[in-house]
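> whatever this is, show me its structure:
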Amino acid sequence: MQAAESRREQLRRSAAKRRREQPDAVRAINARHRELHRDRVNARALIGKRIERGALIRPDRCQRCNTPCKPQAHHPDYSKPELVEFLCPGADGCHRRAEKEKQRPTPARTADGGAFSLSNA
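A predicted model of the protein is given here:
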């Protein structure tokens with residue numbers, strides 16, 4: 001864990017240095033990200049504002065594993081920005097696992113709903 005923390009701290013320092021020394025480049029990168037991922041940016045902003053105003057209460061536990069923590073809002077589908085699930089953060093938390101599940105390709109299925117394999121063909 002010590003090595004991971006020191007690596008994380010190195011990354012924080014290098015990012016801070018880059019923001020200080022190349023603010024225009026960082027602004028351009030951030031603007032490009034916002035342009036490419038407008039749906040994500042808008043969904044995050046919507047939830048952040050609702051939490052800030054008190055219209056949405058952040059629970060004190062993860063909604064999947066019920067672990068006491070300060071959970072992060074997870075959007076399973078950015079086209080439905082109001083639909084969020086509060087999941088525990090961290091390298092091994094439910095939020096990270098949910099993001100990995102979202103990126104994993106859906107396995108092919110046969111017409112009867114079974115998993116597709118070459119032996120079925």
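> secondary structure class for E101?
At E101 the chain is in helix, as set by DSSP: H, G, I helix; E, B strand; the rest coil.
> ok now the longest helix seen in the chain, how far from the chain's centre?
As assigned by DSSP state H, the longest helix anywhere in the chain is helix 2-21. With CA atoms, centre = their mean, to the nearest Å as the basis, helix 2-21 stands 20 Å off its chain's centre.
> give me the spatial nearest neighbour of A43, chain neighbours excluded.
Leaving aside its sequence neighbours, A43 sits nearest to P81 (CB to CB, 6 or more residues apart in numbering; 3.7 Å). From N, CA and C alone the C-beta is placed, and that goes for glycine too.
> just to revisit the earlier point, what is the longest helix of the chain packed up against?
Applying 3 or more CB pairs under 8 Å, 6 or more residues apart in numbering; DSSP states H and E, we find helix 2-21 packed against helix 23-36.
> next structured bit after the helix it packs on?
Using DSSP states H and E, the helix or strand that follows helix 23-36 in sequence is helix 38-53.
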